[in-house]
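Colleague: no sequence for this one, just the structure:
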Ligand SMILES: NC(=O)c1ccc[n+]([C@@H]2O[C@H](COP(=O)([O-])OP(=O)(O)OC[C@H]3O[C@@H](n4cnc5c(N)ncnc54)[C@H](O)[C@@H]3O)[C@@H](O)[C@H]2O)c1
């Protein structure tokens, strides 16, 4: 990954931070971005204290101005790898789902990646190289109750990526979506509490009867598994894998 630069959205926490660290350890220069400025600064410090090559930038993927500022801040610096990872969740049946929360989820999870791709594709095209990796979800392929916005947005992300795969087929740019089942991150820790309320069961039962039950392997997905998949997709050797959904689900969808 030496001589490569990777930009990761939502990299102040969880999966995004883990992916940033892995790419940096493989020699890439990393641009850590997140809506949360404190998280960006902390993530930047953690990686630079390890001697890794990292720069932090505040980026809200729903904010057009932030996208414009990003291009200015990059000042011609080439991004070889874009990881669309920023994410939020809201757990509620549709009848009780506030529409502003619904719109916001779609804006972050679906329109956000469209914005970052639109901003960075021209320079990837000029450079004749690009690897776009979306952190999708198993909920891009199957549904669970109380997650209408999230499931719709993650399904949409796979469709969006198929279109971009076709639109970039004339050059060495690829776009793929990694679809993990549950990963123990702050996003899921919060959801355990919310799902316990929605289903009227204990948090322990949410973990075993809702989250791990559909997975024959009965284990959370590790961030390292996702990072390793990102590193493969980002490699030059993955040049003909495009428009795909790569599923890390402990066997959930083979049943
Ligand atoms: N944790 C899981 O079980 C799981 C499973 C499948 C997919 N995912 C996906 O992985 C991605 C990362 O999730 P995570 O579990 O690491 O969550 P997380 O909450 O630990 O991290 C998400 C990050 O996104 C940032 N963010 C939120 N809104 C943003 C915005 N508008 N612009 C920029 N950054 C924003 C947050 O500040 C946070 O740092 C998400 O896309 C999520 O849907 C997570």
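Modeller: Yep, that arrived. Predicted model, so just to flag it, every value in this text is computed and none were measured.

Colleague: Report how many residues lie close to the residue found closest to residue 135 once you drop the neighbours it is linked to in the chain.
Modeller: Sequence neighbours aside, residue 85 is the residue nearest to residue 135 in space, at 4.3 Å (criterion: CB to CB, 6 or more residues apart in numbering). Backbone N, C-alpha and C define where each C-beta goes, glycine included. Residue 85 has 29 neighbours, counted by other CB atoms under 10 Å.

Colleague: Next one: residue 85 from the ligand, what distance?
Modeller: 5 Å (CB to the nearest ligand atom, to the nearest Å).

Colleague: Same question for residue 112.
Modeller: Distance, residue 112 to the ligand, by CB to the nearest ligand atom: 6 Å.

Colleague: Pretty sure that residue sits in a helix.
Modeller: Yes - Residue 112 forms part of a helix when assessed by DSSP: H, G, I helix; E, B strand; the rest coil.

Colleague: which residues does the closest residue to it other than its chain neighbours contact?
Modeller: The spatially closest residue to residue 112, leaving aside those adjacent along the chain, is residue 61, at 3.2 Å (CB to CB, 6+ apart). Contacts for residue 61 were tallied using CB atoms under 8 Å, 6 or more residues apart in numbering; they are 9-10, 35, 67, 84, 86, 108, 112-113, 115-116.

Colleague: Likewise for residue 23?
Modeller: Listed by CB under 8 Å, 6+ apart, the contact partners of residue 23 are 1, 6, 8, 30, 81, 83, 227, 230-231, 234.

Colleague: So which of those sit within strands?
Modeller: Judged by DSSP state E, those include 6, 8, 30, 81, 83 as members of strands.

Colleague: For burial, what's the neighbour tally of the second one?
Modeller: Translated: residue 8. Using other CB under 10 Å: residue 8 sits among 31 other residues.

Colleague: Check the gap between it and residue 81 for me.
Modeller: Distance from residue 8 to residue 81, counting by CB to CB, to the nearest Å: 8 Å.

Colleague: Likewise for the first one?
Modeller: Between residue 6 and residue 81 the computed distance is 4 Å (CB to CB).

Colleague: got any residues that touch both of these two?
Modeller: Listed as contacting both residue 6 and residue 81 by CB under 8 Å, 6+ apart are 23, 28, 234.

Colleague: re the thing from before, distance to the ligand and pLDDT added to the contacts of residue 23, as CSV?
Modeller: Below are the contacts of residue 23 laid out as CSV (distance: CB to the nearest ligand atom, whole Å; pLDDT from 0 to 100):
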residue, distance to the ligand, pLDDT
1, 21, 89
6, 16, 98
8, 10, 98
30, 15, 98
81, 16, 98
83, 10, 99
227, 12, 98
230, 11, 98
231, 16, 97
234, 17, 98
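
Colleague: And stretch 222-241, how far out from the chain middle?
Modeller: 13 Å (CA atoms, centre = their mean, to the nearest Å).

Colleague: what's the answer for stretch 212-229, then?
Modeller: For stretch 212-229, the distance to the chain centre is 15 Å (CA atoms, centre = their mean).

Colleague: Could you list the paired strands of the lengthiest strand in the chain along with their orientation?
Modeller: Secondary structure of the chain read by DSSP E shows that its longest strand is strand 173-180. Strand 173-180 pairs in its sheet with strand 130-135 (parallel), strand 245-248 (parallel), by DSSP bridges.

Colleague: ok, residues contacting the helix or strand following that strand?
Modeller: Remark: after strand 173-180, the chain's next helix or strand is helix 186-199, criterion DSSP states H and E. Contact with helix 186-199 is made by 13-14, 87-89, 91-93, 146, 182, 202-203, 205-207, 210-211, as judged by CB under 8 Å, 6+ apart.
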